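J.: Generate a structure from the sequence data that follows.
(2 chains)
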Amino acid sequence: MLGLPLTFTVPLVLTALAALPAIWLLLRITPPQPKRVDFPPLRIMADLRPEQEMPARTPWWLLLLRLLLAAFLILAASGPIWNPLAENSSRSPLLIVLDNGFAAAHDWRERMNLALERIEAAGRDGRTVALVATAETPAAIEPASPAAALERLRSLKPLPHLQDRQMHLESVKRFMEATPDANIVWISDGVAGVDGQGFIDGLAPMANAQQITVLKAERAPALAVAGVENAGGQLNVRLIRPEPNGRDSGTVRVLDLKSLPLADTRFSFEANATETHVAFNLPTEIRNSIARIEILGEGSAGAVHLLDERGKRRRVGLVFGGTSDQAQPLLSPLYYIERALAPYSEIRTGRGGVADSVNQLIDEQVSVLVLADVGGLDRETLGKVTAFVEQGGMLLRFAGSRLSAGNDELVPVRLRRGGRSLGGTLSWDTPKTFAPFTRESPFFGLAVPEEIGIRRQILAEPDGDLPAKTWAALADGTPIVTADKRGDGMIVLFHVTADTTWSNLPLSGLFVDMLRRTTALAGAPNDLNAESRNAENATVAPRLTLDGYGIFTQPPANARAVPRNYAGRANGEHPPGFYGSVDSSLAVNALMPDDRLAALDFGPLNARIAPLANAQTVDLRMPLFMLALLLLVADTLASLWLGGHLSNLTGRLRRAGAAAAIILGASLLLNPASDTSAQERRSSMTMESSSPALVTRLAYVITGDSQVDETSKAGLAGLTQVLSQRTALSPGDPIGIDLSRDEVAFYPLIYWPIVASRPIPSEAAIRRLDAFMKGGGTVIFDTRDAFGNRLDGAPTAEGQYLRRLLAGLDIPEIEPVPADHVLTKTFYILDSFPGRYATGQTWVEVLPPQAEGEASRPARSGDGVSPIIITSNDLAAAWAVGRRGEWLYPIVGSDQRQREFSYRSGVNIVMYALTGNYKADQVHVPALLERLGQ
Amino acid sequence: MARVRVLPESARSPGRQETESALSLAHRMPRLVLEARRVAANLAHGIHGRRRAGIGETFWQFRPFVAGEAAQRIDWRRSGRDDRLYVREREWETAQTVWFWIDRSASMGYASDLAQASKIERAIVLGMALANCFVEGGERVGMLGLMSPRASRRIAETMAQTLVADRASLEEDLPPQAAVAPQHEAILISDFLSPVRDIATMVEGISSRGARGHLVMIVDPVEETFPFQGQAVLHDLEDGLSLRIGDAASWGKAYRLRIEQHRAELQELARRRGWTLTIHRTDRPASEAALRLMTLVATSRGVGAGGR
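T.: Residues are numbered from 1 along each chain as shown, chains lettered A, B, ... in the order given. Okay, the predicted model is just below:
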């Protein structure tokens, strides 16, 4: 029309434009409503008639506004269309075949617009439309109204896999048989799918050449990533394209799991090549964190390659056998190991006791398990660790007082009990340093700093195969790092501690390098993955999948789990993405490592081929209606304003705003209330279990022997009385606890009388006890057999019971209470700890050796409280008082003051458990004063 | 364009807020101005300390007997206490009464957004503040037709209570035509939007015994300037009149002329009766009008006393 690419669907409506002058006249004589003004002086002015009764005219701009409104409405009703698609006038149905594999994602918007145009044009011609998306699962093709087809088209998205067009041949064939005169428009991405040329070969005989139009880019523009090779210290990425298409260069980016970019590299194709490689030269630790490789700006699932856990950094689990003291991190060996390993590996630390930690870490599929100064393991845990090692895990152990006290078979070489001190007060040696590493050692090539000094070590029995197992030795030839293969795995033992008590090795850079090389020898995590062993039948569910644009989304509803050993390319049921848990995910990619993309040959189809250019058809109806609507709104506002109603409106709006603010404030006030009620509900701790936390009390283990339990209770009650009378501590009533049931974390001290006739407590109870001792609690084991002890040292029944009990626990080395132990000074000055009997020996955890050059002190202590005190003096019987305050049991011994001393022992033990090494520090004071010359 | 607002009937009675603002305005009034002028003008009006003298309102002071006076005026009881003779002087009872009247008709409940307050609020505040000042200055205050004269300290609250209790005057445009005693003064606060004829009748009625008075005309700025344009329908609040005007701007010119004329007639009326007219716009502070009125009251007494 008029040389413009503009047509009207209903041109007749345009005649209504002729009515515009009439509208103008009508509007001109209908002025807006006058405003109402309340005006008191009117009474005395009633006779003052207005001079000019002629109403004010409608303002010209309002007139113009309304005329424009009418004009736009008329124009919109006539259905103007800009750039109409040159359509043929046939009324035959239209079949649109739309490629929506990942190759179409890059320019999906244009493809959508093309399909949209075609469907709208068909709608204007009154043709029915059918739509086939080639990457979807095939369904029967039904011609539908253009509106329904549009609806369906808008719901289509590019899918992240390579399509199999051949699947749709059957339904297309049926459609063509039903409507032989249908026209086919194929909006193609030009990339051969899984079926190659199959679809074209099948389609060609169905329709004649005039019926088929293929819309495609001249050269298929897709780019894709197919295969990544992690070799030779670099990451090789293979890029492919279906045919040389002019997109010769670009950028490849690698990202980690949190989608943070790690590195970019330019790539370029040879002008005629369909394949190229780019290499990323990255440090191992960065390379290990790569989770995703993509061609920047491509926006297609094919241009994204996901990397799973295979070849990732090692996961290291740390377990410490000693008590974990949060307040003094520098005393914990884990601190040094963690600092050394953290840059190169993923650190997991166990929670709870040793057994719990080990179980937890093995469940977390660590590849290296570090046991720092762990002595014995209970049988179940030992079995687990052994299995772990034999299935390819690496066990890295560090020596320590517990290990030197006794060990299991999980060490590479036979160890001598006890250790060897170098450079102490009793030896002439100076601390030893390392010998240079031998060629066979994995540490070969590392420089040994001069200042390394080993003060104490665990010695290996000099077996014949010891040199072969030695990775590092001291200058005098004694091994300091030994290793042995077990099954598929390996056990490595450092003969020193991982903290600085035995050597200054953990402070050196050499330690970091040694640990790094050691962990590098560990197997890949999925080798020891329980799931991979029965990979054939295990399946993993999709966790995070890519959509057609290569963006991570939640898995779609039709995504299915894949077998753990799935190695195929993604398809409709298995979209590309990560499958399985975060810890051991499996990556499925749109393309397999050696895939190539091929260009489709449309020759056999002999069809009309048109470029992907958009006709830019614009339906002007909507914009015109919108304009008219906006003008209507403006006109309404203007009328209101002229009538003086708008000012009221602003006031009302302001009030509404205030009301909204009040409601908002009220709801904010109400919300915290609901929160607190939720918190109240959440506190599930009963009064019974929380009351021990409110008052300090002594606790005893209920053995099940009522006589013994009564005695324990009465004894602790007597001690409680004495404590309240003599010390600042007033404990609550003593309480009996059942280890298998009760929470023990609240009690500082647990008294456990040994009854040989009772069964050994359950594994869970033992573990709970272990956690209690590791957490800083103290347990008094009282075998109550001092009277029956024989001089030849043969263990009594109670002694044997205690040994069986402690076998499952990780017990530090113990010794009889030395005379300078802080336990002898905490409240009273004592030299023995008698109970009902005075002949028994009392054992506590070994104190660290006295530091060199330190003056002998009256009291020494370790870093914490001894978790265990073993006595045989039947303390409770000596303390026990009856209801009237009488003593329940006579004292066995000649000393009249023995009962008094037994109470004093009890007071000292409680004070020791509560104050720790405090007294050891206090006794410095006189010495300090003396030095200051006062 | 100015926005106007009509207050409901309940807002035309004084509340706590009006009372308080009246009291605060009264406190801000320079009482001394009133006092000083009064003392200067006529000693007869300045009877300070009268109430402090106690219940015997007639006693003023003892003064020494002057030879030549009538011997019966000697107060023997007092004179017996020492050697001199004393005369008991009595208080000169000339405390005057100020009558107030506050228009509370519908046209007073009117405010535009140009004003600081509605007309009725301003009128009540002004009336109660003045009453408070007068009472503190030793006068008695009454309300025409509503309240007998009194000199209560809580005069503002009393007035407010009286006004609230009285519903009838909500419809009245003009005060009852009760004659006021010659020595008394009347202060009429209204918008005086009634025909001048009616006002003249009323003023003559009040001043028929020679009382003096002051008209206070409360005007909303909109009523003075008529800042409207375009088409409008004007509504009267009391008689239900309405007037449709095509071009408010041109009508406004005529209106301003007319309101000037109305005021001139009022002025003339007041002048004839020896009264005063004060025009107070509600966009001005209330203290302005209060100050002017106190000055006028003080001056008029001077004139009155001099004249009599």
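J.: So which helix or strand of chain A has the lowest pLDDT on average?
T.: helix A:530-533 (a mean of 44; mean pLDDT, DSSP states H and E).
J.: After that helix, which helix or strand is next?
T.: Past helix A:530-533, further along toward the C-terminus, the next helix or strand under DSSP states H and E is strand A:539-540.
J.: For A:A460, give its distance to A:V385.
T.: To A:V385, A:A460 is 20 Å away according to CB to CB, to the nearest Å. Using the backbone N, CA and C atoms, a C-beta is placed for each residue, glycine as well.
J.: which stretches of the stretch 51-200 of chain B aren't confidently modelled?
T.: In the prediction, the stretch 51-200 of chain B carries residues with pLDDT under 70 at positions B:51-60, B:90-95.
J.: now the helices: where do they sit in it?
T.: B:76-79, B:119-136, B:155-165, B:196-206 (DSSP state H, counting those that start in this stretch).
J.: just those helices: most buried one?
T.: Highest mean neighbour count of the helices of the stretch 51-200 of chain B: helix B:119-136, a mean of 26 (counted as mean count of other CB atoms under 10 Å in any protein chain shown).
J.: and it with helix B:155-165, angle?
T.: Taking axes from the mean of the first three to the mean of the last three CA atoms, to 10 degrees, helix B:119-136 and helix B:155-165 form an angle of 140 degrees between their directions.
J.: For the stretch 151-300 of chain B, what lies in contact range of chain A?
T.: Within the stretch 151-300 of chain B, the positions near chain A by CB under 8 Å from any CB of the partner chain are B:191, B:193-195, B:222-223, B:228, B:230-239, B:241-248, B:250-251, B:254-255, B:258-259, B:262.
J.: Can you show me the CA trace of stretch A:910-927 as PDB?
T.: Output of stretch A:910-927 as PDB, limited to C-alpha atoms (Å, rounded to 0.1, in the frame of the first residue of the first chain):
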ATOM      1  CA  VAL A 910      37.800 -34.000  91.600                       C
ATOM      2  CA  MET A 911      39.800 -30.800  91.700                       C
ATOM      3  CA  TYR A 912      42.200 -32.300  89.100                       C
ATOM      4  CA  ALA A 913      39.300 -33.200  86.800                       C
ATOM      5  CA  LEU A 914      37.900 -29.700  87.200                       C
ATOM      6  CA  THR A 915      40.900 -27.400  87.200                       C
ATOM      7  CA  GLY A 916      43.400 -29.400  85.100                       C
ATOM      8  CA  ASN A 917      46.900 -28.200  85.200                       C
ATOM      9  CA  TYR A 918      46.100 -25.000  87.100                       C
ATOM     10  CA  LYS A 919      48.000 -26.000  90.200                       C
ATOM     11  CA  ALA A 920      51.100 -26.800  88.100                       C
ATOM     12  CA  ASP A 921      51.200 -23.200  87.200                       C
ATOM     13  CA  GLN A 922      50.500 -21.800  90.600                       C
ATOM     14  CA  VAL A 923      53.500 -23.500  92.100                       C
ATOM     15  CA  HIS A 924      55.800 -21.300  90.000                       C
ATOM     16  CA  VAL A 925      54.900 -18.300  92.100                       C
ATOM     17  CA  PRO A 926      57.400 -18.700  94.900                       C
ATOM     18  CA  ALA A 927      60.200 -19.300  92.500                       C
END
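J.: How many residues are close by the residue of the stretch 151-300 of chain B at minimum distance from chain A?
T.: Chain A sits closest to B:Q231 of the stretch 151-300 of chain B, with a gap of 3.6 Å, by CB to the nearest CB. Look at B:Q231: counted by other CB atoms under 10 Å in any protein chain shown, it has 20 neighbours.
J.: Excluding residues flanking it in the chain, which one is nearest it?
T.: A:P34 (3.6 Å; CB to CB, 6 or more residues apart in numbering or on different chains).
J.: give me every residue that touches residue 170.
T.: Answering for chain A, as no chain was given. A:P138 (CB atoms under 8 Å, 6 or more residues apart in numbering or on different chains).
J.: you looked at the wrong chain, it should be chain B
T.: Counting by CB under 8 Å, 6+ apart, B:L170 has contacts B:9, B:12-13, B:104-106.
J.: before we move on, what about A:V582?
T.: A:R543.
J.: Now stretch A:152-161: buried residues?
T.: A:153, A:156-161 (16 or more other CB atoms under 10 Å in any protein chain shown).
J.: coming back round to it: name the member of the contacts of B:L170 with the most neighbours.
T.: B:R104 (25 neighbours).
J.: tell me the centre residue of chain A?
T.: Centroid check for chain A by CA atoms, centre = their mean gives A:V582 as the closest residue, at 7.0 Å.
J.: returning to what we had before: wait, which of the helices of the stretch 51-200 of chain B is closest to A:A745?
T.: For A:A745, the closest of the helices of the stretch 51-200 of chain B is helix B:155-165, at 71.3 Å, according to CB to CB.
J.: CA atoms of the closest one as CSV?
T.: Provided in CSV are the C-alpha atoms of helix B:155-165 (Å, rounded to 0.1, in the frame of the first residue of the first chain):
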residue,chain,number,x,y,z
ILE,B,155,-12.0,30.4,82.4
ALA,B,156,-10.8,28.7,79.2
GLU,B,157,-11.9,25.3,80.3
THR,B,158,-15.2,26.7,81.5
MET,B,159,-15.8,28.4,78.2
ALA,B,160,-15.0,25.3,76.4
GLN,B,161,-17.4,23.2,78.5
THR,B,162,-20.1,25.8,77.9
LEU,B,163,-19.6,25.8,74.2
VAL,B,164,-19.6,22.0,74.0
ALA,B,165,-22.8,21.8,76.0
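J.: what helices or strands is that helix leaning on?
T.: helix B:16-28, helix B:119-136, strand B:140-143, strand B:147-150 (3 or more CB pairs under 8 Å, 6 or more residues apart in numbering or on different chains; DSSP states H and E).
J.: angle of the second one against helix B:16-28?
T.: Counting by the same axes, to 10 degrees, helix B:119-136 points 50 degrees away from the direction of helix B:16-28.
J.: how far away is A:S757 from chain B?
T.: To chain B, A:S757 is 89 Å away according to CB to the nearest CB, to the nearest Å.
J.: State the distance from that residue to A:L888.
T.: 21 Å.
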